[in-house]
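In: Here's my sequence, what's the structure:
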Amino acid sequence: MVKGTTKLDLVKLALYILKRCWLVIICAAIGFGVMYLRTRDMPVRYTSFGTMYVYNVNPNYVNYGAVSSSDLYTAEKLVSTYIALIRRDAVIDKVAERLVEKYPEEFSGVSNGYIAGSLSMSADENASIMYIYSTTSNPKHCRMICEAVLDVAPNALNEIVGAGSTKALDYPTGDGVPSQASARRNRLMGALFGAVAGAAILAGIFLLNRRVSDTKDLTDNYTPPVLASIKRDKRESDDPSAFLLNSKSKMEIIENYSKLRMNLLYTLVDKKNHCVVVTSAISGEGKSTITANLALSCAMSGKSVLLIDADMRRACQRDIFHYKRKVRGLSNVLIGECKWEDAVIRSKQNENLDILPAGILPPNPAELLDSREMHELLEQLEKSYDIVLLDAPPINIVSDPLALSDQTAGSLFVVRQNFTDHREIRKALSAAELTGMKMLGFVFYGENLNQGSYYYRRYYKGYYHKYEYRPQAGDSKNTDDEASRRANSNENDR
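Out: Numbering: from 1, shown residues only. Next up is the predicted model:
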């Protein structure tokens, strides 16, 4: 039943992040703001620059009209060596001496670290040219340091390397110019880091979220088919009966249950019996609501239906159909207190639907469901009804539904959108497989179904808005045929 480990859908991950891009934008804004606060009070930095040309050999001995390509290639390699050496003590010491000699008032007591820290170098990729930059908070200092390096570096580098030569080409033309590039770069980096952090947070939430989000999650990871997707009503009501199918129900929801009914009946064609267990992995997934509405949908189609509240520990159907709490039911029948005919209640919603309540709470519900009396009861009920639906407890909470494994045609497994955990599903399916329970298929129950497609909008919002029909609780057994006849008639009238 389980295909393998849960797969990572990169497309779904991307869509998940895009739908929540507001968080990424907020994180980017926070990152930008933090870096802005850190850099706004920083002193203005000034930059001066000059250039040096690198030769392969001493230019005093080379006929430059005949420089070979190998000489140029070697010169380009020397540039990297010179860049690494300029901030070494051997060069910086001479630069410091030159600065003190030319500008004693400005550089007396200035450390070599200050000079070296202001320097940065780069190289032209297509030529043997070095760019010397000096950046300080004093516009004069950066110009003076840059000039001193251009004066001292050629001889100092030649003495250290012993090969090649350099020549100063361009000196600074004035004091350093204000440079805001660093501050802007830091702020942009802060925004980028914030955006990446926001995306990483969303990706982490997505990966840690093991809940089922759509039907693709089920088809990709499990072998049982998805028989139908049921739209969950968003209304808030303390009365469970408010969600029962009726003449005022949305056409979308009516059609969802019609599809579930037809697919279920199709799966039962080759089965020996027509008793179906409706269960789930955990509580709160809408199992009882779906069982009640599926029973009503089958009854509206003209089928004789019996709905058994097989959850004797926590009966829910009495709250949905509003019958008395202390009535005889399944447990009373199984312990021999009454016959099932005396315990069955006729539904007020549809004359084709009968309900067998849970009855009193017995001390051993699982043993009663697995008893010979239960087996004989289901055989009798099959002879009296076209389909029998059993609202059973969740598999992962109690073993009651597993006790019905060999007595029914199979089980419908309800999965609620963004509620049911994959780990719970795997646990339930493993238990069902061990006991031989047949999984007829999943019923996906959620508020945000993937029905925003062009086809859905045109079909439901257009066709059924104009040709709407609503089955009534007291319709005859030809309800489906009558609805089809009306639709065809309207199509011809159009």
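
In: And the helices in the stretch 351-494 of the chain, which stretches?
Out: Per DSSP state H, counting those that start in this stretch, the stretch 351-494 of the chain has helices spanning 365-369, 372-384, 422-435, 454-456, 464-466, 479-493. These are given in chain order.

In: Contacts for the third one, please.
Out: I take that to be helix 422-435. 1-2, 6, 210-212, 217, 221-222, 224, 279-282, 394-396, 402, 405, 411, 413, 415, 439 (CB atoms under 8 Å, 6 or more residues apart in numbering). Placement of C-beta: from N, CA and C, glycine included.

In: pLDDT wise, what is Leu227 at?
Out: In this model, Leu227 is scored at 94, pLDDT.

In: helix/strand/coil for it?
Out: strand (DSSP: H, G, I helix; E, B strand; the rest coil).

In: Equivalent analysis for Thr279, please.
Out: Thr279 ends up strand, using three-state DSSP.

In: That one bridge partners, please.
Out: When bridges are assigned using DSSP bridges, the partners listed for Thr279 are Phe413.

In: Need the residue closest to the centroid of the protein.
Out: Residue closest to the mean C-alpha point of the chain, counted by CA atoms, centre = their mean, is Phe206 at 4.0 Å.

In: contacting residues around that residue?
Out: Shown in contact with Phe206 (CB under 8 Å, 6+ apart): Lys12, Leu13, Tyr16, Ile17.

In: Distance check, it against Met1.
Out: Plainly put, Phe206 is 25 Å away from Met1 if you go by CB to CB, to the nearest Å.

In: follow-up on the earlier one: next one: the residue nearest to the centre of the chain, what pLDDT does it get?
Out: At Phe206, the predicted lDDT confidence score is 80.

In: tell me the SS of it?
Out: Three states are possible here, and by three-state DSSP the one that applies to Phe206 is helix.

In: Make 235 the starting number, not 1.
Out: OK, 235 is where the count begins now, so the last one is Phe440.

In: ok, it to Cys261 distance?
Out: Remark: distance between Phe440 and Cys261 (CB to CB) = 16 Å.

In: And the strands in the stretch 235-384 of the chain, which stretches?
Out: For the stretch 235-384 of the chain, applying DSSP state E, counting those that start in this stretch gives strands covering 279-289, 353-357, 363-370.

In: residues near the nearest residue to Leu638 once chain neighbours are set aside, how many?
Out: Using CB to CB, 6 or more residues apart in numbering and skipping residues adjacent in sequence, the residue nearest Leu638 is Val511, 5.3 Å away. Neighbourhood size, Val511 [other CB atoms under 10 Å]: 32.

In: Run through the residues that contact Val511.
Out: Ala544, Leu624, Ala626, Pro635, Leu638, Thr642, Gly644, Ser645, Leu646, Met671.

In: Kindly write the ChimeraX command that selects the buried subset of the contacts of helix 656-669.
Out: Written as a ChimeraX command, the selection of buried residues from the contacts of helix 656-669, which uses 16 or more other CB atoms under 10 Å, is:
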select :235,240,445,446,451,455,456,458,513,514,515,516,628,629,630,636,639,645,647,649,673
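
In: residue ranges with poor pLDDT in the stretch 385-534 of the chain?
Out: 396-398, 413-416, 469-475 (pLDDT under 70).

In: about what we covered before: state the distance from the residue nearest to Leu638 to Ala592.
Out: Val511 is 14 Å from Ala592, where distance means CB to CB.

In: go on, Glu585?
Out: If you measure Glu585 against Ala592 using CB to CB, the figure is 23 Å.

In: Comparing those two, which shows the higher neighbour count?
Out: Looking at Glu585 and Ala592 with other CB under 10 Å, you find the greater number of neighbours at Ala592, namely 25 against 14.

In: the domain parsing of this protein - what is it?
Out: As assigned by automatic domain parsing, the chain contains the domains 244-274+416-442, 279-293+301-413, 449-727.

In: quick revisit: could I get the strands of the stretch 235-384 of the chain as a markdown table with mean neighbour count, mean pLDDT and distance to Glu616?
Out: Formatted as a markdown table, the entries for these read as follows, by neighbours: other CB atoms under 10 Å; pLDDT from 0 to 100; distance: least, CB to CB, whole Å:
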| stretch | mean neighbour count | mean pLDDT | distance to Glu616 |
| --- | --- | --- | --- |
| strand 279-289 | 21 | 84 | 88 |
| strand 353-357 | 17 | 86 | 87 |
| strand 363-370 | 22 | 87 | 90 |
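
In: So for Ile488, which of those sits nearest?
Out: Ranking those by their distance to Ile488 (criterion: CB to CB) puts strand 279-289 first, at 71.1 Å.

In: Alpha carbons of the closest one, in PDB - could you do that?
Out: As requested, C-alpha coordinates have been extracted for strand 279-289 and formatted as PDB (Å, rounded to 0.1, in the frame of the first residue of the first chain):
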ATOM      1  CA  ARG A 279      35.500  56.800   3.000                       C
ATOM      2  CA  TYR A 280      37.600  58.300   0.200                       C
ATOM      3  CA  THR A 281      39.400  56.400  -2.600                       C
ATOM      4  CA  SER A 282      42.300  57.300  -4.900                       C
ATOM      5  CA  PHE A 283      43.900  55.000  -7.500                       C
ATOM      6  CA  GLY A 284      46.700  54.700  -9.900                       C
ATOM      7  CA  THR A 285      48.000  52.200 -12.400                       C
ATOM      8  CA  MET A 286      51.300  50.400 -13.100                       C
ATOM      9  CA  TYR A 287      52.400  48.400 -16.100                       C
ATOM     10  CA  VAL A 288      54.200  45.100 -15.700                       C
ATOM     11  CA  TYR A 289      57.000  44.000 -18.100                       C
END
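
In: what helices or strands is that strand leaning on?
Out: Contact partners of strand 279-289 among helices and strands, from 3 or more CB pairs under 8 Å, 6 or more residues apart in numbering; DSSP states H and E: helix 303-320, strand 363-370, helix 373-395, strand 399-404, strand 411-413.
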